[in-house]
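[1] Next input, structure requested:
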Amino acid sequence: MEATQPDSATATPNDAPRYEITRADLPLHCPLPGARGWDSHPRVYLPVKEQGRATCPYCGAEFILKD
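    Numbers count the residues shown, from 1 in each chain. Predicted coordinates:
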């Protein structure tokens, strides 16, 4: 998974508006595993496989499936 945020050690779900993920990251949910702000909003599973992209309804983070 690749975030557009340069410092992923301090990233929260709201820090990086765009994430590139692979099929290895599925099933996709936001906040992401290991995110510093893992409890910034309820976990929501996103259907990224259907259209190749999905947006979190809570924080607006955009996820793009790259394979």
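[2] for the chain, what helix or strand is lowest in average pLDDT?
    Ranked by mean pLDDT, DSSP states H and E, the weakest helix or strand in the chain is strand 2-3, scoring a mean of 52.
[3] which intervals of the protein have sub-threshold pLDDT?
    1-16, 38 (pLDDT under 70).
[4] For this protein, which segments count as helices?
    In the chain, the segments counted as helices under DSSP state H are 48-51.
[5] burial measure for Thr55, as a count.
    Counted with other CB atoms under 10 Å, residues neighbouring Thr55 total 15. Yep, even glycine has a C-beta here, placed from its N, CA and C like the rest.
[6] Correct me if wrong: it contacts Ile64.
    No - using CB atoms under 8 Å, Thr55 is not in contact with Ile64; the gap is 10.1 Å.
[7] Near Asp39, how many other residues are there?
    10.
[8] Apart from its neighbours in sequence, what residue is nearest it?
    Pro31 (7.5 Å; CB to CB, 6 or more residues apart in numbering).
[9] Hmm, that neighbour is touching Ser40, no?
    Yes - counting by CB under 8 Å, Ser40 is a contact partner of Pro31 at 5.9 Å.
[10] hey, where'd the strands end up in the chain?
    2-3, 18-21, 29-30, 44-45, 53-55, 62-65 (DSSP state E).
[11] nearest to Arg36, of these?
    strand 2-3 (12.0 Å; CB to CB).
[12] what about Pro31 and Ser40, which has more around it?
    Pro31 (22 against 15).
[13] Could you measure from Asp39 over to Pro47?
    23 Å (CB to CB, to the nearest Å).
[14] can you check Leu26 too?
    In terms of CB to CB, Leu26 sits 10 Å off from Pro47.
[15] Kind regards, and thank you for your time.
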